[in-house]
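1. I would like to see how this sequence folds:
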Amino acid sequence: MPADRLTSHIDEFKEAALSCPIPAAVELIGEKWAFLILRGALNGLRHFEEFQAGLGIARNILSDRLGRMVAGGVLERSPDPTDKRRVIYSLTPKGEGLLPVVLAMRQWGEEWGYGKMRVVLADTRDRKPVRKLCVQAEDGRPLSLRDLTWIEREGAETIRTAAE
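-> All right, here's what the predicted structure looks like:
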């Protein structure tokens with residue numbers, strides 16, 4: 001690759017990286033405790049005491065991470081109707097949208113040697129395990145890294161519209 005083309009490629013990468021949404025997402029949920037709180041919320045934990053007991057996390061760290069996740073719109077706080085002294089932490093739609101992220105991390109961990117779990121996530125209706133997540137083409141074909149390229153969104157929408 002000629003030097004000027006390499007420089008151009010690096011400049012394009014740098015420009016795209018500066019506007020990439022991944023760093024903001026990692027800032028919000030990428031830290032170990034935040035991710036484990038998210039996993040707990042996805043699995044039905046709702047009260048401060050449940051998160052603390054279920055995760056073995058220090059109170060000050062838990063309080064800080066819950067506050068950040070509420071401020072980031074992943075969790076919301078509401079008074080517990082059965083005990084006004086307690087607060088319920090529940091997932092917002094933004095928080096529920098992280099389910100595929102958590103599931104992908106779990107599946108990756110199982111596949112790459114961190115151990116198969118005895119309990120698996122299943123469809124409530126059929127009680128069958130969910131499929132392994134994968135990147136798919138618009139037509140459903142599984143894609144690997146070598147099958148992918150970055151294109152302008154406008155061009156992608158034009159192509160989809162032309163095909164429909």
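
2. ok, now how distant is the residue nearest the centre of the chain from T92?
-> Central residue of the chain (CA atoms, centre = their mean): V101, 3.2 Å from the mean position. Using CB to CB, to the nearest Å, we find V101 at a distance of 15 Å from T92. Yep, even glycine has a C-beta here, placed from its N, CA and C like the rest.

3. before we move on, what about A53?
-> For A53 relative to T92 (CB to CB), the value is 23 Å.

4. which of these two has more neighbours?
-> Each of A53 and T92 has its neighbours counted (other CB atoms under 10 Å); T92 has more, 14 against 11.

5. ok, the more buried one - contacts?
-> G73, V74, L75, E76 (CB atoms under 8 Å, 6 or more residues apart in numbering).

6. ok, of those residues, which come out buried?
-> Burial by neighbour count, 16 or more other CB atoms under 10 Å: within the contacts of T92 this picks out V74, L75.

7. what about the strands in this structure?
-> 75-80, 83-91 (DSSP state E).

8. CSV please, covering those strands and showing mean pLDDT and distance to H9.
-> Below are the strands of the chain laid out as CSV (pLDDT from 0 to 100; distance: least, CB to CB, whole Å):
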stretch, mean pLDDT, distance to H9
strand 75-80, 97, 40
strand 83-91, 94, 40
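
9. pull the CA atoms of stretch 87-106 into PDB?
-> Presented in PDB, the C-alpha positions along stretch 87-106 are these (Å, rounded to 0.1, in the frame of the first residue of the first chain):
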ATOM      1  CA  VAL A  87     -36.300   2.300  45.900                       C
ATOM      2  CA  ILE A  88     -36.800   0.100  42.900                       C
ATOM      3  CA  TYR A  89     -34.200   0.200  40.100                       C
ATOM      4  CA  SER A  90     -35.700  -0.900  36.800                       C
ATOM      5  CA  LEU A  91     -34.500  -1.100  33.300                       C
ATOM      6  CA  THR A  92     -35.500   1.600  30.900                       C
ATOM      7  CA  PRO A  93     -36.100   0.700  27.200                       C
ATOM      8  CA  LYS A  94     -32.500   1.900  26.700                       C
ATOM      9  CA  GLY A  95     -31.400  -0.600  29.300                       C
ATOM     10  CA  GLU A  96     -33.400  -3.400  27.900                       C
ATOM     11  CA  GLY A  97     -31.800  -2.700  24.600                       C
ATOM     12  CA  LEU A  98     -28.500  -4.000  26.100                       C
ATOM     13  CA  LEU A  99     -29.800  -7.500  26.400                       C
ATOM     14  CA  PRO A 100     -28.100  -8.700  23.200                       C
ATOM     15  CA  VAL A 101     -24.800  -7.100  24.400                       C
ATOM     16  CA  VAL A 102     -24.900  -9.100  27.700                       C
ATOM     17  CA  LEU A 103     -26.000 -12.300  25.900                       C
ATOM     18  CA  ALA A 104     -23.300 -11.900  23.300                       C
ATOM     19  CA  MET A 105     -20.700 -11.500  26.100                       C
ATOM     20  CA  ARG A 106     -21.900 -14.600  27.900                       C
END
